[in-house]
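J.: Below are the sequence and a predicted model; questions follow.
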Amino acid sequence: MGDGDEPSALSEHAASVCGMDIVLIPGFWLNGDSWATSTTELAQAGHRLHPLTLPGKRATDTSLAGIGLRDHVDAVLEVVDALEGPVVLVGHSGGGTIAWAVADARPSRIARVVFVDAIPMPAGTCINDELPVDGDGVPLPDWSLFEPEDLTDLDDSLREHFRAIAMPEPVGVAHEPTRLDDPARFAVPVTVIACEFPAAMVQQAISNSREWAAELAAMQHLEFVELPTGHWPQFTKPVELGHSLLAAIGRG
(Lines give C-alpha, C1' and ligand atoms only; values in the text may rest on other atoms or scores of the structure.)
Protein backbone atom coordinates (compact mmCIF):
# COMPACT_ATOMS: atom_id res chain seq x y z
CA MET A 1 0.00 0.00 0.00
CA GLY A 2 1.42 3.38 -0.97
CA ASP A 3 2.07 6.32 1.31
CA GLY A 4 -0.97 8.16 -0.01
CA ASP A 5 -3.43 5.34 0.54
CA GLU A 6 -4.12 5.89 4.27
CA PRO A 7 -3.27 8.48 6.92
CA SER A 8 -0.03 8.00 8.80
CA ALA A 9 -0.10 7.55 12.57
CA LEU A 10 1.33 11.04 12.91
CA SER A 11 -1.37 12.65 10.77
CA GLU A 12 -4.07 10.71 12.64
CA HIS A 13 -2.66 12.00 15.92
CA ALA A 14 -2.55 15.54 14.57
CA ALA A 15 -6.15 15.29 13.44
CA SER A 16 -7.19 13.98 16.84
CA VAL A 17 -5.85 17.02 18.69
CA CYS A 18 -6.37 19.75 16.08
CA GLY A 19 -9.38 21.96 16.59
CA MET A 20 -9.72 21.50 20.35
CA ASP A 21 -11.81 23.88 22.43
CA ILE A 22 -9.43 25.47 24.93
CA VAL A 23 -10.88 27.37 27.88
CA LEU A 24 -8.31 29.76 29.37
CA ILE A 25 -8.82 30.77 33.01
CA PRO A 26 -6.78 33.73 34.26
CA GLY A 27 -5.23 34.03 37.68
CA PHE A 28 -5.88 36.73 40.25
CA TRP A 29 -6.17 40.35 39.07
CA LEU A 30 -6.28 39.42 35.38
CA ASN A 31 -8.96 39.03 32.72
CA GLY A 32 -9.18 37.03 29.51
CA ASP A 33 -7.06 39.50 27.57
CA SER A 34 -4.01 38.47 29.61
CA TRP A 35 -3.73 35.31 27.49
CA ALA A 36 -3.47 37.16 24.17
CA THR A 37 0.31 37.15 23.78
CA SER A 38 0.63 33.45 24.68
CA THR A 39 -2.00 31.87 22.48
CA THR A 40 -1.12 32.89 18.92
CA GLU A 41 0.33 29.48 18.12
CA LEU A 42 -2.73 27.72 19.53
CA ALA A 43 -5.00 29.68 17.21
CA GLN A 44 -2.69 29.09 14.25
CA ALA A 45 -2.83 25.36 14.95
CA GLY A 46 -6.61 25.46 14.53
CA HIS A 47 -7.64 25.36 18.17
CA ARG A 48 -10.68 27.32 19.29
CA LEU A 49 -9.79 29.65 22.15
CA HIS A 50 -12.12 30.74 24.91
CA PRO A 51 -10.24 33.21 27.16
CA LEU A 52 -12.50 34.05 30.08
CA THR A 53 -13.08 37.17 32.10
CA LEU A 54 -14.72 35.97 35.27
CA PRO A 55 -17.47 37.59 37.40
CA GLY A 56 -16.36 40.73 39.18
CA LYS A 57 -13.81 41.59 36.51
CA ARG A 58 -16.10 42.29 33.58
CA ALA A 59 -16.67 45.80 32.27
CA THR A 60 -20.35 45.58 33.25
CA ASP A 61 -19.66 44.47 36.83
CA THR A 62 -20.33 47.20 39.38
CA SER A 63 -19.64 45.32 42.62
CA LEU A 64 -17.51 42.48 43.96
CA ALA A 65 -19.87 41.82 46.87
CA GLY A 66 -21.17 38.28 47.14
CA ILE A 67 -18.94 36.82 44.40
CA GLY A 68 -17.29 33.63 45.58
CA LEU A 69 -15.10 30.87 44.24
CA ARG A 70 -18.11 28.81 43.21
CA ASP A 71 -19.38 31.70 41.07
CA HIS A 72 -16.14 31.56 39.09
CA VAL A 73 -16.37 27.77 38.79
CA ASP A 74 -19.98 28.03 37.61
CA ALA A 75 -19.01 30.68 35.03
CA VAL A 76 -16.48 28.27 33.53
CA LEU A 77 -18.95 25.39 33.67
CA GLU A 78 -21.42 27.47 31.70
CA VAL A 79 -18.87 27.80 28.90
CA VAL A 80 -17.89 24.11 29.00
CA ASP A 81 -21.54 23.01 28.89
CA ALA A 82 -22.17 25.20 25.85
CA LEU A 83 -19.39 23.48 23.88
CA GLU A 84 -19.52 20.13 22.11
CA GLY A 85 -16.91 17.46 22.55
CA PRO A 86 -13.84 17.36 24.78
CA VAL A 87 -12.45 20.54 26.30
CA VAL A 88 -8.97 21.51 27.45
CA LEU A 89 -8.80 23.71 30.54
CA VAL A 90 -5.82 26.01 31.09
CA GLY A 91 -5.59 27.69 34.48
CA HIS A 92 -2.97 30.16 35.65
CA SER A 93 -2.21 30.60 39.36
CA GLY A 94 -5.53 30.75 41.25
CA GLY A 95 -7.24 29.87 37.99
CA GLY A 96 -5.75 26.39 38.37
CA THR A 97 -7.96 25.66 41.37
CA ILE A 98 -10.97 26.85 39.37
CA ALA A 99 -9.98 24.61 36.45
CA TRP A 100 -9.64 21.60 38.74
CA ALA A 101 -13.07 22.20 40.31
CA VAL A 102 -14.51 22.26 36.78
CA ALA A 103 -12.74 18.98 35.98
CA ASP A 104 -14.27 17.56 39.17
CA ALA A 105 -17.73 18.65 38.06
CA ARG A 106 -17.36 17.44 34.43
CA PRO A 107 -14.59 14.80 34.37
CA SER A 108 -15.93 13.09 31.24
CA ARG A 109 -15.83 16.37 29.28
CA ILE A 110 -12.27 17.41 30.07
CA ALA A 111 -9.52 16.14 27.77
CA ARG A 112 -6.68 17.71 29.76
CA VAL A 113 -6.03 20.30 32.43
CA VAL A 114 -2.93 22.48 32.06
CA PHE A 115 -1.81 24.26 35.21
CA VAL A 116 0.34 27.31 34.47
CA ASP A 117 2.47 27.83 37.58
CA ALA A 118 -0.48 26.55 39.59
CA ILE A 119 -1.24 23.83 42.12
CA PRO A 120 -4.91 22.88 42.64
CA MET A 121 -5.95 23.38 46.25
CA PRO A 122 -7.35 20.35 48.10
CA ALA A 123 -11.02 20.24 49.05
CA GLY A 124 -11.87 22.44 52.01
CA THR A 125 -8.92 24.80 51.54
CA CYS A 126 -8.89 28.25 49.97
CA ILE A 127 -6.70 29.75 47.27
CA ASN A 128 -5.19 32.51 49.41
CA ASP A 129 -6.64 34.16 52.52
CA GLU A 130 -3.41 35.96 53.42
CA LEU A 131 -3.54 38.69 50.77
CA PRO A 132 -4.50 42.20 51.92
CA VAL A 133 -8.23 42.90 51.59
CA ASP A 134 -9.85 46.23 50.74
CA GLY A 135 -13.60 46.10 51.20
CA ASP A 136 -15.04 43.36 48.98
CA GLY A 137 -11.86 42.98 46.95
CA VAL A 138 -8.27 41.87 47.02
CA PRO A 139 -6.25 44.47 45.06
CA LEU A 140 -2.89 43.69 43.50
CA PRO A 141 -0.52 44.13 46.47
CA ASP A 142 2.71 46.06 46.61
CA TRP A 143 5.50 44.14 44.91
CA SER A 144 7.32 43.87 48.24
CA LEU A 145 4.73 41.34 49.42
CA PHE A 146 5.72 38.84 46.73
CA GLU A 147 8.58 36.36 46.95
CA PRO A 148 11.61 37.13 44.73
CA GLU A 149 10.87 33.97 42.73
CA ASP A 150 7.43 35.35 41.82
CA LEU A 151 9.00 38.42 40.26
CA THR A 152 11.73 36.77 38.20
CA ASP A 153 11.94 38.45 34.75
CA LEU A 154 9.11 40.85 35.64
CA ASP A 155 11.01 44.05 34.89
CA ASP A 156 9.85 47.59 35.66
CA SER A 157 8.06 47.96 32.34
CA LEU A 158 6.13 44.71 32.80
CA ARG A 159 5.28 45.61 36.40
CA GLU A 160 3.89 48.93 35.24
CA HIS A 161 1.81 47.18 32.57
CA PHE A 162 0.53 44.58 35.02
CA ARG A 163 -0.50 47.19 37.59
CA ALA A 164 -2.23 49.25 34.90
CA ILE A 165 -4.47 46.36 33.86
CA ALA A 166 -4.89 44.67 37.26
CA MET A 167 -8.38 44.49 38.77
CA PRO A 168 -9.24 43.62 42.37
CA GLU A 169 -10.11 39.97 42.89
CA PRO A 170 -13.40 39.30 44.71
CA VAL A 171 -12.50 38.45 48.28
CA GLY A 172 -14.83 35.44 48.18
CA VAL A 173 -12.78 33.88 45.39
CA ALA A 174 -9.65 34.06 47.52
CA HIS A 175 -11.28 32.96 50.80
CA GLU A 176 -14.05 30.49 49.91
CA PRO A 177 -13.05 26.82 50.43
CA THR A 178 -12.91 24.79 47.25
CA ARG A 179 -15.36 21.93 46.76
CA LEU A 180 -14.35 18.64 45.14
CA ASP A 181 -16.64 15.62 45.03
CA ASP A 182 -15.90 13.21 42.18
CA PRO A 183 -12.78 11.00 42.29
CA ALA A 184 -13.16 10.56 38.51
CA ARG A 185 -11.26 13.85 38.25
CA PHE A 186 -8.04 11.97 39.01
CA ALA A 187 -8.27 10.17 35.64
CA VAL A 188 -8.13 13.47 33.71
CA PRO A 189 -4.65 13.98 32.15
CA VAL A 190 -2.80 16.90 33.72
CA THR A 191 0.21 18.97 32.69
CA VAL A 192 1.89 21.31 35.16
CA ILE A 193 3.97 24.07 33.56
CA ALA A 194 6.40 24.82 36.37
CA CYS A 195 7.77 28.36 36.33
CA GLU A 196 8.71 29.91 39.67
CA PHE A 197 8.82 26.52 41.39
CA PRO A 198 10.91 23.73 39.84
CA ALA A 199 9.20 20.45 39.07
CA ALA A 200 11.59 18.61 41.38
CA MET A 201 10.30 20.62 44.34
CA VAL A 202 6.71 19.66 43.60
CA GLN A 203 7.61 16.02 43.02
CA GLN A 204 9.40 16.00 46.37
CA ALA A 205 6.30 17.45 48.03
CA ILE A 206 4.23 14.66 46.49
CA SER A 207 6.69 12.06 47.80
CA ASN A 208 6.57 13.65 51.26
CA SER A 209 2.74 13.69 51.28
CA ARG A 210 2.55 17.46 51.73
CA GLU A 211 -1.06 18.59 52.13
CA TRP A 212 -0.91 21.20 49.35
CA ALA A 213 0.25 18.54 46.88
CA ALA A 214 -2.45 16.01 47.77
CA GLU A 215 -4.48 16.47 44.59
CA LEU A 216 -1.39 16.10 42.41
CA ALA A 217 -0.41 12.93 44.29
CA ALA A 218 -3.68 11.24 43.36
CA MET A 219 -3.58 12.10 39.64
CA GLN A 220 -3.22 9.10 37.34
CA HIS A 221 -1.71 10.96 34.36
CA LEU A 222 0.55 13.78 35.54
CA GLU A 223 3.44 15.38 33.69
CA PHE A 224 5.66 18.38 34.37
CA VAL A 225 7.08 20.89 31.92
CA GLU A 226 9.81 23.28 33.04
CA LEU A 227 9.53 26.94 32.01
CA PRO A 228 11.93 28.77 34.32
CA THR A 229 10.69 32.32 34.94
CA GLY A 230 8.50 34.12 37.46
CA HIS A 231 4.87 33.60 38.34
CA TRP A 232 3.49 35.45 35.30
CA PRO A 233 4.97 33.72 32.20
CA GLN A 234 2.25 35.24 30.01
CA PHE A 235 4.12 38.52 30.55
CA THR A 236 7.73 37.40 31.03
CA LYS A 237 7.94 34.47 28.58
CA PRO A 238 4.82 34.66 26.41
CA VAL A 239 6.27 32.92 23.34
CA GLU A 240 7.80 30.13 25.40
CA LEU A 241 4.52 29.68 27.28
CA GLY A 242 2.73 29.37 23.95
CA HIS A 243 5.15 26.64 22.89
CA SER A 244 4.57 24.78 26.16
CA LEU A 245 0.79 25.04 25.88
CA LEU A 246 0.79 23.80 22.30
CA ALA A 247 3.03 20.87 23.17
CA ALA A 248 0.89 19.87 26.17
CA ILE A 249 -2.33 20.00 24.18
CA GLY A 250 -0.71 18.21 21.26
CA ARG A 251 -0.03 15.20 23.43
CA GLY A 252 -3.73 14.54 23.37
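T.: Sure, I can see it. Computed from a prediction, not measured in an experiment: that's the story for all the values here.
J.: By mean pLDDT, which helix or strand of the chain comes out lowest?
T.: helix 9-17 (a mean of 39; mean pLDDT, DSSP states H and E).
J.: Run through the bridge partners of the residue most central in space within the chain.
T.: By Cα atoms, centre = their mean, the chain has its centre lying nearest to Gly91, at 0.8 Å. Gly91 has the following beta-bridge partners by DSSP bridges: Ile25, Phe115.
J.: List the residues that contact it.
T.: By Cβ atoms under 8 Å, 6 or more residues apart in numbering, the contact list for Gly91 reads Ile25, Gly27, Thr97, Ile98, Ala99, Trp100, Val113, Val114, Phe115, Val116, Ala118. (Glycine included, C-beta is placed from N, CA and C.)
J.: do the same with Val133
T.: Applying Cβ under 8 Å, 6+ apart to Val133 gives the contacts Val171.
J.: What values do phi and psi take at it?
T.: Phi and psi for Val133, reported as degrees, to the nearest 10, are phi -110, psi 140.
J.: repeat for the one 4 residues further on
T.: Comment: the main-chain dihedrals of Gly137 come out as phi -130, psi 170, following degrees, to the nearest 10.
J.: cool, and His161?
T.: phi -60, psi -50.
J.: What is the neighbour count of it?
T.: Neighbourhood size, His161 [other Cβ atoms under 10 Å]: 13.
J.: thinking it is in contact with Gln234, fair?
T.: No. The criterion here is Cβ atoms under 8 Å, and His161 misses it with Gln234 at 11.2 Å.
J.: rewinding a little: are any of the contacts of Gly91 buried, and if so which?
T.: Ile25, Gly27, Thr97, Ile98, Ala99, Trp100, Val113, Val114, Phe115, Val116, Ala118 (16 or more other Cβ atoms under 10 Å).
J.: which of those sit farthest apart?
T.: Spatial extent of those (Cβ to Cβ) is set by the pair Gly27 and Val113 at 14.6 Å.
J.: What's the mean pLDDT across stretch 106-123?
T.: Regarding stretch 106-123, the rounded mean pLDDT is 97.
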